[in-house]
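# predicted model and sequence follow; I will ask about them next.
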Amino acid sequence: MRTWPEVRCIILSSEVEERRHDSNSPLEYRQNLSFGYEWQGESYTGDHLTLRGNPWSSKRELAEARVAKYPVGQIITCRIDPQNPGFAVLKPDSLGPGYSIWFPGLFVIGGLGITFRAITGKKAMNSAKRAD
């Protein structure tokens, strides 16, 4: 997504949306957003803040802060999927989850190295004892 082309977009609507799954569940809030952009002479409308959409939260203040960040009429840059120009996002997703996958891998690699050293070290010691 970070290689997708960037174009200027205009915020067409930005408001707090609320929902309740059932009468016993608490209200949830999110930013209901739409923006317009043009790609290769065609006009499009998008509604995704990120690739995963617009997240729901139990905190209305969080949705209101997102609405304030993208007020109607603001011109901003969005990224367009070149394979599907009808799909665009205002901000690319974080690379953090990808990095968090590699961190535990360091422990696995370290553990394999320790195990390998322990096995090959015993063989070397046994060979040295037989030579005596």
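Structure received.

# only C-alpha atoms from now on, for both contacts and neighbour counts.
OK.

# chain center to the longest strand that the chain contains, what's the gap?
The longest strand of the chain (DSSP state E) is strand 6-19. In terms of CA atoms, centre = their mean, to the nearest Å, the gap separating the centre of strand 6-19 from the centre of its chain is 18 Å.

# list the buried ones in that strand?
By 16 or more other CA atoms under 10 Å, the buried positions in strand 6-19 come out as E6, C9, I10, I11, L12, S13, S14, E15, V16, E18.

# so what's the first one closest to, chain neighbours aside?
Yep, that's E6 we're talking about. Spatial nearest neighbour of E6, excluding adjacent residues (CA to CA, 6 or more residues apart in numbering): R79 at 4.5 Å.

# now swap in the fifth one and tell me
Closest residue in space to L12, ignoring its immediate chain neighbours: F35 at 4.9 Å, by CA to CA, 6+ apart.

# any idea how far the one you found is from A118?
60 Å (CA to CA, to the nearest Å).

# for the buried residues of strand 6-19, which one is nearest G110?
Lowest distance from G110 to the buried residues of strand 6-19 (CA to CA) belongs to E6, with 41.0 Å.

# can I get the longest strand of the chain in CSV? Just the C-alpha atoms.
Extracted C-alpha coordinates of strand 6-19, given in CSV (Å, rounded to 0.1, in the frame of the first residue of the first chain):
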residue,chain,number,x,y,z
GLU,A,6,-1.0,9.5,-4.0
VAL,A,7,-3.6,12.0,-5.2
ARG,A,8,-5.3,15.0,-3.7
CYS,A,9,-8.7,14.2,-2.1
ILE,A,10,-11.4,16.4,-0.6
ILE,A,11,-13.3,15.4,2.5
LEU,A,12,-17.0,15.3,1.5
SER,A,13,-18.5,14.1,4.8
SER,A,14,-17.2,13.4,8.2
GLU,A,15,-19.4,12.6,11.2
VAL,A,16,-19.8,10.4,14.2
GLU,A,17,-21.8,7.2,13.5
GLU,A,18,-23.1,5.1,16.4
ARG,A,19,-24.5,1.6,16.6
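
# that'll do, ta.
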